[in-house]
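[1] Next input, structure requested:
(2 chains)
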Amino acid sequence: MAAEVENEISVPINSDQDVVVARHKGRGLATELGFSASDSTLLATAISELARNIVSYAGRGEIVLRASHNSDRPGVTVVARDTGPGIASIEQALRDGYSTSGSLGLGLPGARRLVDEFEIVSKVGQGTTVTVRKWKG
Amino acid sequence: MEVPILKQGDILIATVQAALADSDLLQLRRALVERVVKARARGIIIDLTAMDVMDSFASRTMREMAQMIRLRGAETVIAGIQPDVAFAMVQLGLSMGGVTTALDLEEGLAYLHRKFTKTS
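    Numbering: from 1, shown residues only, chains lettered A, B, ... in the order given. From the prediction side, this is the model:
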């Protein structure tokens, strides 16, 4: 878990267009670190879901992308942060098919399946921070 | 990012040329459903070769679009989903439901031509 910070890219998320920007930058960073095309796509898809959640539920927020290293193994850490309404039940939000927005309810649980590490901290009325990490395969 | 829609006989071909944002996907859905009626099209091919990511929103929008188009009496074929994109879709828990898929545009056209020859 000893992840040391190398560089950091912050992508402000205010609209659906920013979702595309965030996943492009995430894919770019993963490719730079030597991820396979397949793993880069998995990461880009997870970023797309996390960024969309920001737009759908909080309206605005940011995605921070960071290169991480676990001994010699490179990885990408993604922090999706907003100061929106927060999640009342994280347990429910992580269940497949559960949604309060009329979506498929696969965003959060799906994103979790696409990455290696997943952590969510949310407080009602204060916002949500989801941190995910994917290591080079 | 507008997606060009070409007409070839009674088939409409929409070729996605870059990553689409949610609003672009909704715009494409509106445009295609309208064009199906105007052009009296029987088949629609959406070429997704250039689509970088198919997440839950994109998959749902495509599925809904195919259902709407079916209600107008035409069939949709989704073509060109890249192997990495398909892999991520399955991991995410997504499927294209009952929508016909094809390897690429050529296969999609061949499928629709076969189908139309049989039924006409």
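[2] Next, name the residue at the spatial heart of chain B.
    residue B:46 (3.0 Å; C-alpha atoms, centre = their mean).
[3] so it, which of the three states?
    Under DSSP: H, G, I helix; E, B strand; the rest coil, the three-state class of residue B:46 is strand.
[4] What pLDDT is listed against it?
    pLDDT recorded at residue B:46 is 98.
[5] Show me which residues of chain A are close to chain B?
    Within reach of chain B by C-beta under 8 Å from any C-beta of the partner chain, chain A has these residues: A:15-17, A:19-20, A:23-24, A:27, A:37-38, A:40-42, A:44-45, A:48-49, A:52, A:96, A:103-104, A:106-107, A:109-111, A:113-114. For the C-beta atoms, the positions are set from N, CA and C on the backbone; glycine is no exception.
[6] Going through those, which ones are buried?
    A:16-17, A:19-20, A:23-24, A:27, A:40-42, A:44-45, A:48-49, A:52, A:103-104, A:106-107, A:109-111, A:113-114 (16 or more other C-beta atoms under 10 Å in any protein chain shown).
[7] for chain A, which spans come out with low pLDDT?
    A:1-6 (pLDDT under 70).
[8] can we see that at 80?
    Along chain A, segments meeting pLDDT under 80 span A:1-7, A:102, A:104.
[9] out of all of them, which helix in chain B is the longest?
    helix B:22-39 (DSSP state H).
[10] picking that back up, which of the buried ones among the residues of chain A next to chain B fall in helices?
    Going by DSSP H, the helices hold A:16-17, A:19-20, A:23-24, A:27, A:40-42, A:44-45, A:48-49, A:52, A:107, A:109-111, A:113-114 from these.
[11] just to revisit the earlier point, so for the longest helix of chain B, what's the average pLDDT?
    95.
[12] residues of it that come out buried?
    B:22, B:24, B:25, B:26, B:28, B:29, B:31, B:32, B:33, B:35, B:36.
[13] tell me the contacts of the nearest residue to the second one once chain neighbours are set aside?
    The reference is to residue B:24. Nearest residue to residue B:24 in three dimensions, chain neighbours excluded: residue B:1, at 4.8 Å (C-beta to C-beta, 6 or more residues apart in numbering or on different chains). Listed by C-beta atoms under 8 Å, 6 or more residues apart in numbering or on different chains, the contact set of residue B:1 reads B:17, B:18, B:19, B:20, B:21, B:24.
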